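1. need a structure here:
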Amino acid sequence: MSTNVKWLRDIIASEQVGELAAFREIKVARVPSSSLCLLCKGGRMLCGKLRCPIVAKAQSLAKSSLQITSPRIQGSTPPGVFVGRIGYPKVYIGPMVPPYRGDTEILDTPELWLGKSIQDIIDYRFALIRGKARASVYDAQSGGKLIDVLQELAMGKRPVDAEALLTRVPNRVITLSGETQPFGPSAPLKSFKTSNVSVDRRVERAFYDRDLKAGDAVVGLYEDDVLVTRIQRAFSLGMFGFQKRRKLVPTRWSITAVDSILSLELIDQMKQHDTIDEYRVYSFEHLDNRFVAILMPERWSFEWIEAWFPGTTWNPDERTTAPAMMGDFEPYRGRTTYPDVGGCYYACKLAVAEKLNQERRQASALVLREIHPGYILPVGVWNVRESIRQMIQLEPQKFDNFQAALRHAQTKLTIPLRKWIKTSELLKRALFQKKITEFAA
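-> Sure thing, here's the model as predicted:
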């Protein structure tokens with residue numbers, strides 16, 4: 001259920017005057033009366049964030065709503081498709097189409113988002129209207145009218161003119177939560193058609209090879225320079241693997257699956273190379289996230305640690321003063337359990353493994369992330385993958401011992417070193433565990 005909320009219209013209208021009609025169409029999903037958002041009403045910043053995520057979403061939704069006047073959506077899809085996860089193995093699938101034509105590739109290509117503001121990214125998300133229909137994940141094996149069209153669309157290498165006929169004008173609903181990623185309006189899909197799709201032959205070959213393992217298809221396409229986002233899109237629609245084993249994969253799961261498959265392959269290759277010769281420190285900032293990586297001249301091991309400051313998604317209580325820290329580690333032989341920090345672990349590992357393989361080297365990698373209140377809502381694990389990719393291509397600071405590297409890394413962070421040590425397996429090992437070479441000396 002949803003309802004109009006007058007205070008939301010009043011706040012937005014004061015910031016973005018001129019399109020009041022669009023704001024009046026926005027509804028807010030019902031939430032408990034104790035919700036901090038209802039108490040705050042976007043003006044008191046009780047959550048501790050530097051900007052209200054609800055207002056940011058509503059502004060984007062209002063802009064896109066001006067172009068949504070009919071259940072018939074005509075525009076150029078990036079191309080964009082989605083596979084939901086609610087109700088698995090019966091899930092919602094469908095296309096994502098903006099209500100305008102042109103070069104819309106950026107709307108669903110995270111590789112192009114680095115350097116964009118959070119408001120830009122929210123705008124991209126809300127510009128895409130989702131038409132949804134129920135399907136079994138096993139329908140990927142036999143196909144069907146909608147699945148066939150979506151799979152062809154997922155092979156596209158440029159935007160495609162499309163028309164989605166929905167059963168109604170999509171609702172403009174916002175959830176009073178700063179913890180949910182932004183997604184555009186949606187409605188049940190009645191029919192969908194596209195103009196001619198310019199197919200990427202590399203993806204097409206993998207799709208029609210019914211004897212090629214899904215993992216091998218993913219690796220082959222990556223080595224053939226297909227964007228990770230495009231591989232993930234096709235993977236989610238069950239386009240790879242033996243015909244009788246193909247399944248639809250919820251979009252969120254497919255992103256992590258592809259990152260994991262690729263990082264494992266790259267790490268296996270990397271282990272054939274010598275280690276780097278020095279300690280390196282990299283640093284980078286994006287969307288009020290601070291990233292620091294320390295690469296050590298040792299055999300491969302990896303650790304990813306996140307520190308969420310008060311007022312951010314995973315540490316919403318603004319009354320606290322301590323960041324919420326969490327991390328996961330893997331030794332040389334890898335790990336067998338899913339990391340507590342989720343998909344960001346694999347996104348970061350892929351970016352680090354890419355860099356080391358480019359150099360034909362291996363190293364032990366510790367990557368730290370501070371998330372500050374300017375990161376007003378989660379935008380997806382792409383932010384980690386693309387930020388680490390960018391950071392690790394920069395020229396690092398180099399040192400001949402670990403203590404000097406650690407001192408420099410600390411100047412790029414705001415959390416005291418002792419707190420990182422308390423959370424980090426790699427730091428404990430590097431600082432307190434004697435190596436066998438010390439005894440041999």
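
2. What's the separation between residue 354 and residue 276?
-> 15 Å (C-beta to C-beta, to the nearest Å). In this view, the C-beta of every residue, glycine as well, is placed from N, C-alpha and C.

3. Quick one: the strands in the stretch 101-250 of the chain, in order.
-> 129-136, 160-166, 173-174, 186-194 (DSSP state E, counting those that start in this stretch).

4. Could you tell me how far the second one lies from the centre of the chain?
-> Taking C-alpha atoms, centre = their mean, to the nearest Å, the mean C-alpha location of strand 160-166 is offset from the chain mean by 25 Å.

5. What helices and strands are in contact with it?
-> Contacting strand 160-166 under the criterion 3 or more C-beta pairs under 8 Å, 6 or more residues apart in numbering; DSSP states H and E are the following elements: strand 72-77, strand 90-97, strand 129-136, strand 186-194.

6. neighbours of the residue nearest to residue 299 when sequence neighbours are not counted, just the number please.
-> Distance criterion C-beta to C-beta, 6 or more residues apart in numbering; nearest residue to residue 299, sequence neighbours excluded, is residue 332 at 5.2 Å. Around residue 332 there are 13 other residues, counting by other C-beta atoms under 10 Å.

7. Surely residue 332 forms part of a strand?
-> No - looking at residue 332 with DSSP: H, G, I helix; E, B strand; the rest coil, it is coil, so not inside a strand.

8. Confirm for me that it is in contact with residue 275.
-> No - under the criterion of C-beta atoms under 8 Å, residue 332 makes no contact with residue 275, lying 11.6 Å away.

9. what is in contact with these two at once?
-> residue 299 (C-beta atoms under 8 Å, 6 or more residues apart in numbering).

10. one step back: worst average pLDDT in the strands of the stretch 101-250 of the chain?
-> Note on the strands of the stretch 101-250 of the chain: strand 173-174 shows the lowest mean pLDDT, a mean of 69.

11. residue ranges with poor pLDDT in the stretch 1-150 of the chain?
-> Counting by pLDDT under 70, the ranges of the stretch 1-150 of the chain that qualify are 1-48, 50, 65-66.

12. quick one, helices of it?
-> 6-15, 20-24, 36-40, 53-65, 118-127, 139-142, 145-154 (DSSP state H, counting those that start in this stretch).

13. quick one: the fifth one to strand 90-97, angle?
-> Relative orientation of helix 118-127 with respect to strand 90-97: 110 degrees, computed using axes from the mean of the first three to the mean of the last three C-alpha atoms, to 10 degrees.

14. residues of helix 118-127 that come out buried?
-> The neighbour-count check on helix 118-127 (16 or more other C-beta atoms under 10 Å) flags 118, 121, 122, 123, 124, 125, 126, 127 as buried.

15. other SSEs contacting it?
-> Applying 3+ C-beta pairs under 8 Å, 6+ apart, one finds that helix 118-127 contacts helix 53-65.

16. Am I right that residue 384 is in a helix?
-> Yes - secondary structure assignment places residue 384 in a helix (three-state DSSP).

17. That one: what's it in contact with?
-> Contacts of residue 384 (C-beta under 8 Å, 6+ apart): 344, 347, 348, 351, 369.

18. out of those, which is most surrounded?
-> Among the contacts of residue 384, the one with the most neighbours (other C-beta under 10 Å) is residue 348, at 29 neighbours.

19. what's that one sitting at in phi/psi?
-> In terms of degrees, to the nearest 10, the main-chain angles of residue 348 are phi -70, psi -40.

20. What distance do you get for it to residue 79?
-> The value you get for residue 348 to residue 79, if C-beta to C-beta is used, is 27 Å.

21. Against residue 245, how distant is the residue nearest to residue 284 when sequence neighbours are not counted?
-> Among residues not flanking residue 284 along the chain, residue 391 sits closest, at 3.4 Å (C-beta to C-beta, 6+ apart). Distance from residue 391 to residue 245, counting by C-beta to C-beta: 37 Å.

22. Likewise for residue 56?
-> For residue 56, the distance to residue 245 - C-beta to C-beta - is 42 Å.

23. okay, the two: which has more neighbours?
-> Comparing residue 56 with residue 245 by other C-beta under 10 Å, the one with more neighbours is residue 56, at 24 against 14.

24. doesn't residue 118 make contact with that one?
-> Yes - here residue 56 reaches residue 118: they are 7.0 Å apart, a contact under C-beta under 8 Å.

25. can you list residues touching both of those two?
-> The contact sets of residue 56 and residue 118 overlap at 376, 377 (C-beta under 8 Å, 6+ apart).

26. measure the residue nearest to residue 182 when sequence neighbours are not counted to residue 380 for me?
-> Closest residue to residue 182 apart from its sequence neighbours, by C-beta to C-beta, 6+ apart: residue 125 at 4.1 Å. Applying C-beta to C-beta, the value for residue 125 to residue 380 is 9 Å.
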